[in-house]
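Peer 1: Pasted the sequence and its predicted model underneath.
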Amino acid sequence: MRKLIMMLALLVLLLVPVPVQAQDDIHLSSVSVDIWPEYDQPAVLVIYHIVLSSDVVLPATLTLHIPPG
């Protein structure tokens, strides 16, 4: 009997709609990229300067997809 009640409670929880907030688009004012060669290694240092536009609500989450190569 207890398992039946637990299963029904779980089913009800899964069927109840949960409100979610849509992700807003983030607009950028400017983006600049500095690429500096390393002094003693065959690598480079990449520095991103990103300025968000004034209409972006903070805190905002940015995700940068950088290819591994």
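Peer 2: Received it, and whenever you're ready, just let me know what you need.
Peer 1: Now do the strands in this structure.
Peer 2: 28-37, 44-52 (DSSP state E).
Peer 1: Need the mean per-residue confidence for the last one.
Peer 2: So that's strand 44-52. Mean per-residue pLDDT for strand 44-52: 90.
Peer 1: can you pull the alpha-carbon coordinates of it into CSV?
Peer 2: What follows is strand 44-52 as a C-alpha-only set of coordinates in CSV (Å, rounded to 0.1, in the frame of the first residue of the first chain):
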residue,chain,number,x,y,z
VAL,A,44,49.6,31.9,-27.3
LEU,A,45,47.7,33.8,-24.6
VAL,A,46,44.2,34.7,-25.7
ILE,A,47,42.5,37.6,-23.8
TYR,A,48,38.8,38.4,-24.4
HIS,A,49,37.5,41.9,-23.7
ILE,A,50,33.7,41.7,-23.7
VAL,A,51,31.4,44.6,-22.9
LEU,A,52,27.7,43.9,-22.4
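Peer 1: Which residues belonging to it are considered buried?
Peer 2: Neighbour counts over strand 44-52 (16 or more other CB atoms under 10 Å) mark no residue as buried. (C-beta placed from N, C-alpha, C; glycine too.)
Peer 1: chain center to it: distance?
Peer 2: Averaged C-alpha coordinates place strand 44-52 at 17 Å from its chain's average position (CA atoms, centre = their mean, to the nearest Å).
Peer 1: and what of the first one?
Peer 2: Relative to the mean C-alpha coordinate of its chain, strand 28-37 is positioned 20 Å out (CA atoms, centre = their mean).
Peer 1: Who does it pair with, and is each partner parallel or antiparallel?
Peer 2: strand 44-52 (antiparallel) (DSSP bridges).
Peer 1: before we move on, the earlier item: what would the strands of the chain look like in CSV with distance to I5?
Peer 2: Listed next are the strands of the chain as CSV, based on distance: least, CB to CB, whole Å:
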stretch, distance to I5
strand 28-37, 52
strand 44-52, 50
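Peer 1: M7: which of the ones you listed is closest?
Peer 2: strand 44-52 (47.2 Å; CB to CB).
Peer 1: nearest residue to A43 other than its sequence neighbours?
Peer 2: Closest residue in space to A43, ignoring its immediate chain neighbours: P37 at 7.9 Å, by CB to CB, 6 or more residues apart in numbering.
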